[in-house]
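>>> here's my sequence, what's the structure:
(one chain, ligands or ions: 1)
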Amino acid sequence: MSFPSDQKLMMRALRGETLERPPFWLMRQAGRYLPEYRELRQNSKNFLDFCYTPDLAVEVTLQPLRRYHMDAAILFSDILVIPDALGQKVEFLEGEGPVLDPVQCLDDIKKLNPNKIDEHLAPVFETLKRLSAEIPKETALIGFAGSPWTIAVYMIEGRGGTDHGNVLEWAEHRPEEFQVLIDLLVETTSAYLIGQVESGAEIIQLFDSWAGVLNAGQFQCWSIEPTRRIVERLHERCPGVPVIGFPRNVGELAVDYVTKTGVDGVSLDQDMALDWIAETLQPKCTVQGNLDNKVLVTGGAALDHATVNILRTLSGGPFIFNLGHGVLPETPPEHVGRVAELVRGWPASGDGPSASDGKN
Ligand code: CP3
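Purely as a prediction, here's the structure:
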């Protein structure tokens, strides 16, 4: 028997319903903290090839669901498939993360080729088609992409974790040129995400992991505006498919992000104060977050306390439980199991002995 998509907890929460037990999933819920992931991954030298192999990508997407029964499955892929599909050289080096041949001038931007995106990313669409047939009937399927700003950071800096000097210099001093790149990313990302929905994605998440390096004016131009254009396109072409935005580390600018981009949900990092979220953001939009991924590594009473505290503060409005950023590779899998138990047992789990001191 099929279960109507609009009755899934994730879809109800994203329509603004307040649920007794919030749905949950975790950013990077598939990955190196799971031994069954590491086992499959060790057979593939190249991470992108691994992402482009539907058999493997489907299996790895399902692994955390089998253990923890999250309310959503997130497509196993990476945000950097877009620069890869545009023809930029992208590699994942062991212990270093992604390394790209940096885009350095307008000519480099003009060499990027958006015409082969669909063909190049066909395995991702195939993965989604298979997943939509294979995931449990009450589980929602999330597709995703990086926001243009965050993708531009990787394309121009060539890696993450830099001081962002090159990309900020470009955006500030040659904004018309930088706009050419942003426009290209708005177009290709919108088309890619529409393709994901046509292949079975029910929800889209846009990761703006480096939004926090922008000042208020830059944030408006390079994060909010391109995101707004993508959300508008998706809402037009894929009615009923909610979009969650993740403007990481932007603090109170998240209010502007929510009101101006038109996202249906906002994913929040662990630095955002819970009471402020409940008072300021939750009346405007479904909120998602924001357990500290380092507390998930620590476990024990600290983990129980933090989890229950979030559940108590945010369960009074539309809410999806998640982390503030992705699961870290050193996370003991049983700590993820404990969080799943507390969320799925909510509200009764809030009365338990280890949680009773978690009121503030
Ligand atoms: O389970 C899921 O969340 C789905 C899969 C997923 C991955 N990356 C798989 C992955 C998703 C949604 C992403 C998003 C992503 N990728 C972001 C946005 C979220 C964030 O973390 O801020 C970013 C910035 C990237 C770029 C990226 N990919 C980096 C910086 C790294 C290296 C860091 C690391 O954890 O290794 C990756 C590699 C990556 N992407 C891995 C996985 C499972 C690890 C690869 C491996 O197995 O070696």
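
>>> going forward, measure contacts between C-alpha atoms and count neighbours the same way
OK.

>>> whatever helix or strand Val266 lives in pairs with which strands, and in what direction?
Remark: Val266 resides in strand 265-267, with elements defined by DSSP states H and E. When sheet partners are counted by DSSP bridges, strand 265-267 sits next to strand 243-247 (parallel), strand 286-291 (parallel).

>>> which positions within the helix or strand just after it qualify as buried?
The first helix or strand that comes after strand 265-267 along the chain, using DSSP H and E, is helix 274-276. Buried positions in helix 274-276, judged by neighbour count with 16 or more other Cα atoms under 10 Å: Leu274.

>>> if you count contacts, what does helix 274-276 end up packed against?
Under the contact definition 3 or more Cα pairs under 8 Å, 6 or more residues apart in numbering; DSSP states H and E, helix 274-276 sits against helix 300-314.

>>> what is the mean pLDDT for the helix it packs on?
Helix 300-314 comes out with an average pLDDT of 98.

>>> quick one: it to chain centroid distance?
Here the centre of mass of C-alpha atoms in helix 300-314, compared against the chain's by Cα atoms, centre = their mean, to the nearest Å, lies 22 Å away.

>>> any idea how far the closest residue to Pro247 other than its chain neighbours is from the ligand?
Setting aside the residues directly before and after it, Pro247 is nearest to Asp208 in space (Cα to Cα, 6 or more residues apart in numbering), at 4.9 Å. Using Cα to the nearest ligand atom, to the nearest Å, one gets 7 Å for the distance from Asp208 to the ligand.

>>> what's the spacing between Asp208 and Gly146?
When distances are taken as Cα to Cα, to the nearest Å, Asp208 and Gly146 turn out to be 6 Å apart.

>>> near the ligand, which residues of the stretch 1-150 of the chain are found?
27-32, 74-79, 97-98 (Cα under 6 Å from any ligand atom).

>>> OK, now which residue of this structure is nearest to the ligand?
Evaluated by Cα to the nearest ligand atom, the chain has Arg28 as its residue closest to the ligand, separated by 3.0 Å.

>>> could the residues of the stretch 1-150 of the chain next to the ligand be laid out in a markdown table, adding pLDDT, neighbour count and secondary structure?
Output for these, formatted as a markdown table (pLDDT from 0 to 100; neighbours: other Cα atoms under 10 Å; DSSP: H, G, I helix; E, B strand; the rest coil):
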| residue | pLDDT | neighbour count | secondary structure |
| --- | --- | --- | --- |
| Met27 | 98 | 17 | coil |
| Arg28 | 98 | 18 | coil |
| Gln29 | 98 | 26 | coil |
| Ala30 | 98 | 24 | coil |
| Gly31 | 96 | 21 | coil |
| Arg32 | 96 | 17 | coil |
| Ile74 | 98 | 26 | strand |
| Leu75 | 98 | 24 | coil |
| Phe76 | 98 | 26 | coil |
| Ser77 | 98 | 22 | coil |
| Asp78 | 98 | 14 | coil |
| Ile79 | 98 | 15 | coil |
| Gly97 | 92 | 11 | strand |
| Pro98 | 97 | 16 | strand |
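
>>> wait, which of the residues you listed is closest to Pro329?
Compare each of these with Pro329 using Cα to Cα and the shortest gap goes to Arg32, at 5.0 Å.

>>> so the closest one touches Pro333, yeah?
No - using Cα atoms under 8 Å, Arg32 is not in contact with Pro333; the gap is 10.2 Å.

>>> between the two, which contacts overlap?
Counting by Cα atoms under 8 Å, 6 or more residues apart in numbering, no residue touches both Arg32 and Pro333.

>>> what about the stretch 251-360 of the chain, any weak spots by pLDDT?
Counting by pLDDT under 70, the stretch 251-360 of the chain contains low-confidence ranges at 353-360.

>>> for the ligand, what are the nearby residues on it?
Gly326.

>>> show me the contacts for Ala211.
Counting by Cα under 8 Å, 6+ apart, the residues that Ala211 touches are 149-150, 219, 223, 247-250.

>>> switch to 6 Å and redo it
Contacts here follow Cα atoms under 6 Å, 6 or more residues apart in numbering; on that basis Ala211 touches 247-248.

>>> what pLDDT does it get?
Listed pLDDT for Ala211 reads 98.

>>> can you check the one 4 residues further on too?
pLDDT recorded at Asn215 is 97.

>>> swap in Met10?
98.

>>> identify the residue nearest it in space, chain neighbours excluded?
Nearest one to Met10, counting by Cα to Cα, 6+ apart, is Pro23 at 5.8 Å.

>>> ok, Val336 next?
Excluding the flanking residues, the one nearest Val336 by Cα to Cα, 6+ apart is Leu296, at 7.1 Å.

>>> what strand or helix carries that neighbour?
Once you assign secondary structure using DSSP H and E, Leu296 falls within helix 293-298.
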